[in-house]
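Peer 1: Test case, fold it:
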Amino acid sequence: MERTMDLCRELFVKLRKNELHDGDKVFLEGWVRGNRDNGSVGFIEFNDGTCFKNVQLVYTNETTGYEAISHFKYAASISVKGSIKLTPENKQPFEILVEEAAVLGDVSDDYPLQKKRHSFEFLRDIAYLRPRANTFNALYRVRNKLAFAIHLFFQERGFMYVHTPIITGNDAEGAGQCFKVVEDLKNPTEFFNANSCLTVSGQLHVEPFALAFRDTYTFGPTFRAEHSNTSRHASEFWMIEPEIAFADLEDDMNLMEEFLKFIINYVLTNCPDEMNFFNTMIEKGVIDKMNAILNSSFKRMTYTEAIEILDKAAKNGKKFEYNNIFWGMDLQSEHERYITEEVVKGPVFLINYPKEIKSFYMKLNSDNKTVAACDLLVPGVGEICGGSQREDNYDLLKTRMDEQGNTEILEWYLNLRKYGGCIHSGFGLGFDRLLMYLTGLSNIRDVQPYPRTPGSLKY
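Peer 2: So this is what the prediction gives:
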């Protein structure tokens, strides 16, 4: 079947270009978002899925099939023939005068969504319908544009996109608890003849490609088998993980800053209606918060300096929930937020963490105590992404791997250091948490199409 109907998105584009005129004939197919009739004239809020804005359909008691049209149900799919009427003086810049309309798919009386506000908890239970609700309609449009912006950023800069494996034999050493992959519980290693699990990170697999293509990235699903029922944890989520050769930690941080600013600007530019919705209905000021990031120069602060600041603050009466501040501790979210919100008052990279609290593959600094790692902290969240320069010294890396007990399973990774290795760096950014930050939504279950969390696998 040839799709010859007009699209709402195209009508708004024509309007901006002054190519939409009174009397233009249109044929639309889409869904009813609202229908009110006062006896002589009626109005249908109509959306065909191509843009966030609804289009207003107007019908009167002189319209063919007026009685039937007045009873079109909320969420019914319909077809419409009509003509354009420009209304620049009204809230909607144009409307469509209905000449004919028909129901394509009716809605039963037990339809769970109505034209009212529903709780996010209720909507999570009907995830297959919530794309029709305004918040999630806007959310998934932003999710789509954000994913595209990620690829656009890297592709415009010559990065190679690598599909890293979902089933793997390593756990990226400490990135998270793995889901084991087994075919037969009695013989769990039979299928692959090796222990296997769902990936917790694509980093180790994308690094070899950076040593062949220079600049690479992977962007795909990752998994954590952790029983964390918090608003920020999910068992399945997507990760953005670039890896760049001949690059140190400073290069890595510069890339992070450029990347984050690019994708924020892309969403603000290409999703104005959706972002205005979030700014009005979800988090007032979220657009200002994003613009503040765009207009900031990301600061640098060492982990040691941060500890000194936090320790001084605690001794001067600042009440942290975790008030025992000491060098070598893993910073909590409250500490990170204090640094970025009250000390720096903007984005900041914390660098040079103690080696004991960071992964084995991170570059050991000359002090033999810290590694060339960084976490990017932003106001309102704390850490949003982290990265490091990778250890390129074969002997140092082997020592760390021997200590971890993973030398045998990751011998191929170690060998990269003796087969034409070079300094290289990379970072990881959780796509779903980034989406939370951009939209103001506070629960990761509300930014994923079908969230996977402990005790929940409905779809």
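Peer 1: where along the stretch 1-150 of the chain do the helices fall?
Peer 2: 8-16, 66-70, 120-124, 134-156 (DSSP state H, counting those that start in this stretch).
Peer 1: Any chance of TSV for these, columns mean pLDDT and distance to H205?
Peer 2: All C-beta spots, glycine's among them, are computed from the backbone N, C-alpha and C. Below are these laid out as TSV (pLDDT from 0 to 100; distance: least, Cβ to Cβ, whole Å):
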stretch	mean pLDDT	distance to H205
helix 8-16	95	38
helix 66-70	96	57
helix 120-124	92	33
helix 134-156	97	17
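Peer 1: And D273, its phi and psi?
Peer 2: Dihedral pair for D273: phi -70, psi -40, per degrees, to the nearest 10.
Peer 1: So the residue lying closest to it once chain neighbours are set aside versus V142, what's the distance?
Peer 2: Closest residue to D273 apart from its sequence neighbours, by Cβ to Cβ, 6 or more residues apart in numbering: F52 at 4.5 Å. Distance, F52 to V142, using Cβ to Cβ, to the nearest Å: 10 Å.
Peer 1: Give me the common contacts of those two.
Peer 2: E274 (Cβ atoms under 8 Å, 6 or more residues apart in numbering).
Peer 1: show me the contacts for L434.
Peer 2: Here L434 is in contact with 146, 240, 263, 384-385 (Cβ under 8 Å, 6+ apart).
Peer 1: Rebuild the helices of the stretch 1-150 of the chain as JSON lines, extending it with mean neighbour count.
Peer 2: JSON lines is the format used below for these (neighbours: other Cβ atoms under 10 Å):
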{"stretch": "helix 8-16", "mean neighbour count": "16"}
{"stretch": "helix 66-70", "mean neighbour count": "16"}
{"stretch": "helix 120-124", "mean neighbour count": "15"}
{"stretch": "helix 134-156", "mean neighbour count": "18"}
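Peer 1: Just send those back as CSV, with distance to E411 too.
Peer 2: Formatted as CSV, the helices of the stretch 1-150 of the chain follow (distance: least, Cβ to Cβ, whole Å):
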stretch, distance to E411
helix 8-16, 53
helix 66-70, 71
helix 120-124, 44
helix 134-156, 30
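Peer 1: Can you say which of those is nearest to S196?
Peer 2: Ranking the helices of the stretch 1-150 of the chain by proximity to S196 (Cβ to Cβ) places helix 134-156 first, at 27.8 Å.
Peer 1: Could you pull up the residues touching T60?
Peer 2: Applying Cβ under 8 Å, 6+ apart, the residues near T60 are 40-42, 66.
Peer 1: if we can go back for a sec, let's see which of the contacts of L434 end up in helices.
Peer 2: 146, 263 (DSSP state H).
Peer 1: Buried members of the contacts of L434 into PyMOL, please.
Peer 2: To isolate the buried ones among these in PyMOL, judged by 16 or more other Cβ atoms under 10 Å, type:
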select buried, resi 146+240+263+384+385
